[in-house]
Structure formats: structure tokens, C-alpha cells
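Following is a predicted model, sequence given first.
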Amino acid sequence: MGETDETELYYPHEDRSLSQAVLSALEETHETPLIDAEFTLYDHIDPDALNSLFQADANATITVAFTVEDYDVTIWGDEGIYIHVRDGDEGTSKVDET
């Protein structure tokens, strides 16, 4: 395994949902296609509820944090919606804004 952190920038008007962006960040951090993963996002958080939290406001004063397997996921708004995925077992960082 290489990098253990991934930060992705998401905007509500994108052609994908917030939960899809979270899955993308998890896939980058996990370094394995999620089709091969032993977990689903729904096992850890309701994707529909997650999508609705930041649906229209990228400046929302909401922070959402949850764990998916060994990965800590934090989402917050600040002129965009930041999705930070960190391998809970590692301590190095990588930043990737898309």
C-alpha cells in the first residue's frame, strides 16, 4: 500500500452525488477497486442522508465524520465540500483536489 490519505473537493452541482465522491476518495485511498472491497458504504452510513446534507450548500457549517472499515472519513463545507479519507492505521498524508 502506498498513500494513505485522500482529500477530494466536491461541488453539489457535479454530475455525481456526494456519496459517489466519497466512494471515489475511498477507492483512491484503498488503492483497490471498490468492486473488490469487502464493504459497502451503506454498511457504514446512509448514502441518501449523506447526499441530502450538502445538497445545495457547499458552505454548510456541517461536519460529518464516520469510519468505513479501517478508514476515517471526514466531510465538511468551505466554499466547496471537502472529503478527507485517512487510513486509520497509517499516519502519512496526500492531498488531491479534483
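Thanks, I have the structure now.

Strands of the protein, start to end?
Remark: strands assigned in the chain by DSSP state E are 5-10, 63-68, 71-77, 81-87.

what pLDDT does Thr29 get?
Each residue has a pLDDT score; the one for Thr29 is 84.

wait, it sits on Glu6?
Yes - taking contacts as C-beta atoms under 8 Å, Thr29 lies within contact range of Glu6: 4.3 Å. Every C-beta, even on glycine, is put in place using the N, C-alpha and C of the backbone.

out of the two, which sits in the more crowded spot?
Comparing Thr29 with Glu6 by other C-beta atoms under 10 Å, the one with more neighbours is Thr29, at 28 against 25.

ok, back up a step: next, format the strands of the chain as JSON lines and append mean pLDDT and distance to Leu41.
Converted to JSON lines, the strands of the chain look like this (pLDDT from 0 to 100; distance: least, C-beta to C-beta, whole Å):
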{"stretch": "strand 5-10", "mean pLDDT": "82", "distance to Leu41": "14"}
{"stretch": "strand 63-68", "mean pLDDT": "91", "distance to Leu41": "7"}
{"stretch": "strand 71-77", "mean pLDDT": "90", "distance to Leu41": "9"}
{"stretch": "strand 81-87", "mean pLDDT": "89", "distance to Leu41": "12"}
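
closest to Asp43 out of these?
Comparison of the strands of the chain against Asp43 by C-beta to C-beta identifies strand 63-68 as nearest, at 7.9 Å.

What strands flank that closest one, and is each parallel or antiparallel?
strand 71-77 (antiparallel) (DSSP bridges).

Give me the distance between the residue most central in space within the chain and Pro12.
The residue lying closest to the centre of the chain (C-alpha atoms, centre = their mean) is Val22, at 3.0 Å. Distance, Val22 to Pro12, by C-beta to C-beta, to the nearest Å: 14 Å.

Just give the nearest non-adjacent residue to the residue nearest to the centre of the chain, would you?
Ile83 (5.5 Å; C-beta to C-beta, 6 or more residues apart in numbering).
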